[in-house]
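Trainee: model this:
(4 chains)
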Number of protein chains: 2
Amino acid sequence: MYTLSEENYLKSIYRLGQQANFKITPTAIAESLGNNPASVVDMIRKLTEKQLIAYDKKKGVELTPQGLKDAVLIVRRHRLWEVFLLEKLGYHWDEIHDIAEELEHINNATLADRLDKFLGFPEYDPHGDPIPKANGKVPKPYSVTLTDLKAGDDCRVAAVRDTSSSFLQYLQKLDIGIGTRIQLVEKISFDNSLVISISGRASTTVSQKFGENILVD
Amino acid sequence: MYTLSEENYLKSIYRLGQQANFKITPTAIAESLGNNPASVVDMIRKLTEKQLIAYDKKKGVELTPQGLKDAVLIVRRHRLWEVFLLEKLGYHWDEIHDIAEELEHINNATLADRLDKFLGFPEYDPHGDPIPKANGKVPKPYSVTLTDLKAGDDCRVAAVRDTSSSFLQYLQKLDIGIGTRIQLVEKISFDNSLVISISGRASTTVSQKFGENILVD
DNA sequence: TAAAATAATTAGTCTTATCTAATTTTATGA
DNA sequence: TCATAAAATTAGATAAGACTAATTATTTTA
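Mentor: Residues are numbered from 1 along each chain as shown, chains lettered A, B, ... in the order given. Model (predicted):
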């Protein structure tokens, strides 16, 4: 249906569009894909011709209804495969993204739906991101972070914002995963550091930046 | 590691090499991949430079030890995914090949081995072809066909030779799958047709060509 | 064995997706 | 508002992998 490149652009544009009030410029797309703005301009032309996106210098790039539909399906496949890799094949959090990045492009009429069923129709992927449903509906993403809590509050880790290897490995070191219980012991007002207790164990201190990247229930 | 195209050539050369006493010519490769001999000549040059194949006008194309190793790994991935698609996702026999054709190219260091373990280290794929082991060893392929049996003999379907959609769909219609018990009731000497009883049911007659494509235990 | 058929190869073209370098447009800030 | 910086765009190049058409080798077969 689409080339690998086209799919990657669609997905990238979709992802950038998730950030509220963010103007999707050629440069932004180039950065997110790690390539040259000149290449992006070419692809913007191509995807515009195919009516998958609309580009307005003022408003930036936007997905058309068709482009959105297709992008959501790619994201659906990506996230379902992530669940599979983690739950069924025993991969770690920080290993699954790159593999899913390849698996997501396999487009068989019923593959995603069968995989979905096989996995028990999960609502969120291992990074806590919502998995779009077969009909294109996207479950509500988590929005409360550790930094939004008050001292004494208890929560459960639902997802992470940052999905870089370094962050995920840090989480692993702290023994934090999806579902881990965390209590906010204290907020240090000086630099907004957070003193937390992970799974009821002795307190640890983490940075504000860390807290902003942990989404909780 | 390799491009999609390179992998497809390696696999195709490996497959052609499975047929005993078969000279692997540019034309044969072109036919098996459905493309132009001129393109094949280009790729032969490229793969020869990379020392994955050796080409001699007299002997045709041969895989080098390295080329063989890589080809076997691709075949391993292909067949493991076929098992997954059939057993875990509930696809039919005749649907899995094309999807596995895409999945086989995903090359993560431990993916095939994890999948292998997840599937319980199967020895044969749903078409009955042996699944190469992680160390590159290939289990012995089945070799006895329905036509090799004598009237009265009982057997179990182990694999099929032909994997075309039309044949697989015919099998489906006859309710024959891997493991199905078949009894050879009679051999018609006139045209070598076979009268068989499938899973103990009333007899059916099938052609010699059909029988030659059913491998049995 | 010579002619005809088939196969292999070369030469040149095309498409996709990328790049660099140069230019034009837009935004920013003194 | 005008100079400078940043962003967007154009032009032209490149690489991979495919193609067609033309040519050269090799087989067949009469």
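Trainee: check the spatially most central residue of chain A and give its pLDDT.
Mentor: Central residue of chain A (Cα atoms, centre = their mean): A:Asp129, 5.1 Å from the mean position. We note a pLDDT of 90 for A:Asp129 in this prediction.
Trainee: how about it, what does it touch?
Mentor: A:Asp129 makes contact with A:Arg79, A:Pro141, A:Ala159, according to Cβ atoms under 8 Å, 6 or more residues apart in numbering or on different chains. All C-beta spots, glycine's among them, are computed from the backbone N, C-alpha and C.
Trainee: quick one, what contacts the second one?
Mentor: Spelled out, that is A:Pro141. Contact criterion Cβ under 8 Å, 6+ apart gives A:Asp129, A:Pro130, A:Ala159 as the residues in contact with A:Pro141.
Trainee: need the three-state assignment for it.
Mentor: On the three-state scheme (DSSP: H, G, I helix; E, B strand; the rest coil), A:Pro141 is labelled coil.
Trainee: for it, report the pLDDT, please.
Mentor: With respect to pLDDT, A:Pro141 has a value of 87.
Trainee: what distance do you get for it to A:Phe167?
Mentor: In this structure, A:Pro141 and A:Phe167 are separated by 18 Å, where distance is defined by Cβ to Cβ, to the nearest Å.
Trainee: is the longest helix belonging to chain A anywhere near chain B?
Mentor: Here the longest helix in chain A is taken by residue count, with DSSP state H as the criterion, and it is helix A:65-83. No - Helix A:65-83 lies out of reach of chain B by Cβ under 8 Å from any Cβ of the partner chain, never closer than 9.9 Å.
Trainee: average model confidence for that helix?
Mentor: Helix A:65-83 carries an average pLDDT of 97.
Trainee: tell me what angle the next helix or strand after that helix forms with helix B:96-103.
Mentor: For helix A:65-83, the following helix or strand on the C-terminal side (DSSP states H and E) is helix A:96-103. Counting by axes from the mean of the first three to the mean of the last three Cα atoms, to 10 degrees, helix A:96-103 lies at 130 degrees to helix B:96-103.
Trainee: tell me if the very next helix or strand once past helix A:96-103 is near chain B.
Mentor: Note on helix A:96-103: by DSSP H and E, the next helix or strand toward the C-terminus is helix A:111-118. Yes - Helix A:111-118 comes into contact with chain B (Cβ under 8 Å from any Cβ), by way of A:Leu111, A:Arg114, A:Leu115, A:Phe118.
Trainee: the last one contacts B:Leu85, doesn't it?
Mentor: No - with contact defined as Cβ atoms under 8 Å, A:Phe118 and B:Leu85 do not form a contacting pair (10.4 Å).
Trainee: okay but A:Ile29 is in contact with A:Val40, surely?
Mentor: Yes - in this structure, A:Ile29 is within contact of A:Val40 by Cβ under 8 Å, at 4.8 Å.
Trainee: so what sits against both of these two?
Mentor: Taking Cβ under 8 Å, 6+ apart as the contact rule, the neighbours common to A:Ile29 and A:Val40 are A:Tyr9.
Trainee: can you pull out the helices in chain A?
Mentor: Ranges of helices in chain A, per DSSP H, are A:4-18, A:26-33, A:37-49, A:65-83, A:96-103, A:111-118, A:165-174, A:208-212.
Trainee: the ones you listed: lowest mean pLDDT?
Mentor: Set side by side, the helices of chain A differ in mean pLDDT, and helix A:165-174 is lowest with a mean of 89.
Trainee: hey, C-alpha coordinates of it in CSV?
Mentor: Only the C-alpha atoms of helix A:165-174 are listed here, as CSV (Å, rounded to 0.1, in the frame of the first residue of the first chain):
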residue,chain,number,x,y,z
SER,A,165,17.0,3.7,26.2
SER,A,166,18.8,5.6,28.9
PHE,A,167,15.6,6.4,30.7
LEU,A,168,14.2,2.9,30.4
GLN,A,169,17.4,1.4,31.7
TYR,A,170,17.4,3.8,34.6
LEU,A,171,13.9,2.5,35.4
GLN,A,172,15.1,-1.0,35.2
LYS,A,173,17.8,-0.2,37.7
LEU,A,174,15.3,1.3,40.1
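Trainee: name the residues of it that are buried.
Mentor: Residues of helix A:165-174 classed as buried: A:Phe167, A:Leu168, A:Tyr170, A:Leu171, A:Leu174 (neighbour count, 16 or more other Cβ atoms under 10 Å in any protein chain shown).
Trainee: of those, closest to A:Asn107?
Mentor: Relative to A:Asn107, the closest of the buried residues of helix A:165-174 is A:Leu168; by Cβ to Cβ it sits at 27.6 Å.
Trainee: now the closest one, nearest residue through space, not along the chain?
Mentor: Closest residue in space to A:Leu168, ignoring its immediate chain neighbours: A:Asp94 at 3.7 Å, by Cβ to Cβ, 6 or more residues apart in numbering or on different chains.
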